[in-house]
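Chemist: I'll drop the sequence and a predicted model, then ask my questions.
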Amino acid sequence: MTKTFSKDPKTYPELLQKLESDGLKITDQTAALRHLKQISYYRLKGYGLAFRQYDETGKRLSTYQPNVELVTLIHMSMIDAELRSLILAAIDRIEVEVRNVINHELSIKYNSSHWFLDENLFQSSDQFKHQDFLGKIKQFTAKKADAGSEKEKLRETFIHHYYQAYDTPEYPPCWMIAEVLPLGSWSKLYEHLVQSKDRKQVSKQFDLSPELLESWLHALTYLRNVCAHQGRLFNRTFAFPPKQGKKAPLKTQHQLYNYICILFLFLKEFNHEYDWLERIEAVLKKCPNELLKFYGFDENWLEKDEDYWMN
C-alpha cells in the first residue's frame, strides 16, 4: 500500500496553537510568534523531543510533559548555536594542522611535491578511488574554467597563478591542494594510504594510533558537516562516534561529549587550546543541570575527569 504525505502547511498562529494543544506552555504569544518565524516550527519540535511523553509501551507521544515551556526549547537552540560556533572554530584549526602534517610527512618521505599523484600509494574501496580523488581536485582547482566564468572567478589566486606559470604537472603541488580540499577529502585519503608506515608516520605527529586518527578524523568530518548546516546538537545520537581509546575519557553513548573530548585533545596536542575549554564550559553553564545529559555530559564533568581536562 502506497503511503502519501498529506499534511497541509499552516500559518504561524496555527502552528503556535498546535504547540499549545500538545501541552507546551507559552506565556508570551508575541515573542513566540517571532521565534517561530526565526527558528521554524519543525526545528523547535526537534528540541522538544527530549520533553515528550511516552505511553505504557514506551512509544513516544506527540504531547509534552507537564510544565514544559516553549522558552526552554528556544533556550536550548541558542545554546546549540554557541556550541556550533566554538566547535567549528576548533575544527578549523585542526583541519589546517591535519592537512599540513599529511602533506609535509609524505612529501618529504617521497621527495615529491606531487606525491598524491602516485596511485600506488593508495588502496581503493567503495568510498575511495584514486581517479575520483583527482577528479575532486579538478573541481576545486578548475583548470579548464573559461576565462571570466563564475568558476574561474571563484578560483583561488594562487591556483590561478600556478596555471598561468606552469603547464605541467596538471595539478598544483600538495601545499596548494591542501588549501582547497576539505577535511573530508584528507580524512578519506589518510584512511586509504596503502602503507601502514605512512599512516603511522602521520598519526604519531598527533600521538595517536593510526586506527584512532582514522576514526577521529572521520568523526570530526561528520561533526563539521552537522555544525556547518546548523544541525541540532542537543539530544542527538551521532551516527559516526569517535573510536574509544586510552587517550580520552570517551563514553559509550554517541553524544556530543565524546566529540568535545577529542577536539580538546587535538587542540591541546598542538598548544591551540587557548581559552576554548573555558568557553565551552561557560556555554554549558547556561544549560540547566538536568539537561546536560542530553549532550552526554555529567553535572560534574570537569571534576570527574579533572586529570584529562586540567592537565
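Modeler: Yep, that arrived. Every value quoted in this text rests on a predicted model; they were computed, and no experiment measured them.
Chemist: how about the helices in the stretch 1-150 of the chain?
Modeler: Ranges of helices in the stretch 1-150 of the chain, per DSSP state H, counting those that start in this stretch, are 12-21, 29-39, 41-48, 70-109, 130-141, 150-154.
Chemist: export the ones you listed as TSV, with columns for mean pLDDT.
Modeler: Putting those into TSV (pLDDT from 0 to 100) gives the following:
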stretch	mean pLDDT
helix 12-21	96
helix 29-39	95
helix 41-48	96
helix 70-109	97
helix 130-141	91
helix 150-154	55
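Chemist: please identify which of these is closest to residue 185.
Modeler: Checking these against residue 185 by Cβ to Cβ gives helix 130-141 as the closest, at 6.0 Å. For glycine as for every other residue, the C-beta is placed from the backbone atoms N, C-alpha and C.
Chemist: then that closest one to CSV, C-alphas only?
Modeler: Only the C-alpha atoms of helix 130-141 are listed here, as CSV (Å, rounded to 0.1, in the frame of the first residue of the first chain):
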residue,chain,number,x,y,z
HIS,A,130,42.3,7.5,-6.8
GLN,A,131,40.8,8.8,-10.0
ASP,A,132,37.8,10.1,-8.1
PHE,A,133,40.2,11.9,-5.7
LEU,A,134,42.0,13.6,-8.6
GLY,A,135,38.6,14.5,-10.1
LYS,A,136,37.7,16.3,-6.8
ILE,A,137,41.0,18.2,-7.0
LYS,A,138,40.0,19.3,-10.5
GLN,A,139,36.7,20.5,-9.2
PHE,A,140,38.4,22.8,-6.7
THR,A,141,41.2,23.9,-9.0
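Chemist: in that helix, what's buried?
Modeler: Neighbour counts over helix 130-141 (16 or more other Cβ atoms under 10 Å) mark 130, 133, 136, 137, 140, 141 as buried.
Chemist: what do you get for stretch 234-249?
Modeler: Quick answer for stretch 234-249 (16+ other Cβ under 10 Å): 234, 235, 236, 238, 241, 242, 243, 247, 248.
Chemist: give me the lowest-pLDDT entry from these.
Modeler: Ranked by pLDDT, the buried residues of stretch 234-249 bottom out at residue 247, which has 86.
Chemist: let me know the outermost residue of this structure.
Modeler: Centroid-distance maximum for the chain: residue 1 at 38.2 Å, with Cα atoms, centre = their mean.
Chemist: so can I have TSV of the helices of the stretch 1-150 of the chain showing distance to residue 213?
Modeler: Shown next, in TSV, are the helices of the stretch 1-150 of the chain (distance: least, Cβ to Cβ, whole Å):
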stretch	distance to residue 213
helix 12-21	45
helix 29-39	37
helix 41-48	32
helix 70-109	9
helix 130-141	19
helix 150-154	32
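Chemist: of all those, which lies closest to residue 228?
Modeler: Of all those, helix 70-109 comes closest under Cβ to Cβ, at 6.8 Å.
Chemist: quick one: distance of the closest one to the chain centre.
Modeler: Chain-centre distance of helix 70-109: 7 Å, with Cα atoms, centre = their mean, to the nearest Å.
Chemist: which parts of it are buried?
Modeler: 70, 72-77, 79-80, 83-84, 86-87, 90-91, 93-95, 97-99, 101-103, 105-107.
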